[in-house]
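Here is a sequence with its predicted model. Questions after.
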Amino acid sequence: MPQLLDSTDLEVHPDYRMFGIGDIDPLGDGGPPVPGPGWLGVGRSAVLVGAGEQLVYPNVRLELWDEPPPAPTEHEVQETVRLHLPTGELCLDEITAGGVPDIFQVPPGIYTVRITAWERESTRAAFEALRSQGGDLDWEDPAYLELHGREWYLFQFWLEQGTARLLDGSGVMVHAGYPRIAISMRAPQPGARLPAAGEA
């Protein structure tokens, strides 16, 4: 029987009607694509969710399971994706507001992730009904505040294959005018030289 190993709950502030969940180090993935007309953009190590309403804060629950859990029912949308999480440290991407690191920890590896959402359209409709009453929307109006958390998302992670944890990384640009480079574990001793590279 599947066992729930860990979970956390978040309130998310979408920006441009989007928020993202993914590994803090995406290994040069470039990030997931914008959802566009759909509701989900999937990259190698992260996803971008197209929220139902920009100005209402959805709730997000992340769960780690030891094997595939039962699929939720009566949802509005649902999709299962595969993500490579090289560090296992998940972050929340609130687009122009920046990222929130270390929202959830999982063992590094390749995961199946089932993403399920509820009340997207009803939240959008309720917000539009409030806005259509004329004048500026009162951000302290209880009717508006009650919409926060009505739209919600469930991310269920289970491990397909564990991988080594990426502890550190670095990069350097090599000028095209230099035909050879050397990498050394420590600074060379004074006067020490590496032998010249051969034809290969």
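Yep, it's here.

going forward, measure contacts and count neighbours with C-alpha atoms only.
OK.

Mind giving me the packing neighbours of the lengthiest helix in the chain?
Of all the segments assigned as helix in the chain under DSSP state H, the longest by residue count is helix 120-131. When contacts are defined as 3 or more Cα pairs under 8 Å, 6 or more residues apart in numbering; DSSP states H and E, helix 120-131 packs onto helix 142-145.

which of the residues in the helix it packs on are buried?
Under the neighbour-count criterion of 16 or more other Cα atoms under 10 Å, helix 142-145 has Tyr144 buried.

Could you write out the alpha-carbon coordinates of that helix in PDB?
Presented in PDB, the C-alpha positions along helix 142-145 are these (Å, rounded to 0.1, in the frame of the first residue of the first chain):
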ATOM      1  CA  PRO A 142     -14.200  39.800   2.800                       C
ATOM      2  CA  ALA A 143     -15.800  38.500  -0.400                       C
ATOM      3  CA  TYR A 144     -12.400  38.900  -2.100                       C
ATOM      4  CA  LEU A 145     -10.300  37.600   0.700                       C
END
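
now Arg120, nearest residue through space, not along the chain?
Gly52 (4.7 Å; Cα to Cα, 6 or more residues apart in numbering).

Please apply the same query to Val100.
Nearest non-adjacent residue to Val100, counting by Cα to Cα, 6+ apart: Leu92, 5.0 Å away.

Ile183 versus that neighbour, what's the distance?
35 Å (Cα to Cα, to the nearest Å).

who touches stretch 32-46?
Residues outside stretch 32-46 that contact it (Cα atoms under 8 Å, 6 or more residues apart in numbering): 20-23, 26, 29, 31, 47-51, 81-86.

Report the secondary structure state of the residue most central in space within the chain.
The residue lying closest to the centre of the chain (Cα atoms, centre = their mean) is Ile21, at 1.7 Å. Three-state call for Ile21 (DSSP: H, G, I helix; E, B strand; the rest coil): strand.

Report the beta-bridge partners for it.
Val47, Leu92 (DSSP bridges).

pretty sure it contacts Glu94?
No - under the criterion of Cα atoms under 8 Å, Ile21 is not in contact with Glu94, lying 9.1 Å apart.

Can I have the buried ones of the contacts of stretch 32-46 as a PyMOL selection?
Entered in PyMOL, the line below selects the buried ones among those, by 16+ other Cα under 10 Å:
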select buried, resi 20+21+22+23+26+31+47+48+49+50+51+82+83+84+85+86
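
where in this protein is pLDDT low?
Across the chain, the ranges flagged by pLDDT under 70 are 27-30, 166-167, 187-188, 191, 200.

Could you rerun that using 50?
Of all residues in the chain, none has pLDDT under 50.

Would you map the strands across it?
In the chain, the segments counted as strands under DSSP state E are 4-11, 18-23, 40-42, 46-50, 59-65, 77-85, 89-93, 99-105, 109-118, 152-162.

in its sheet, what does the longest one sit against?
Paired strands of strand 152-162, with direction, are strand 59-65 (parallel), strand 109-118 (antiparallel) (DSSP bridges).
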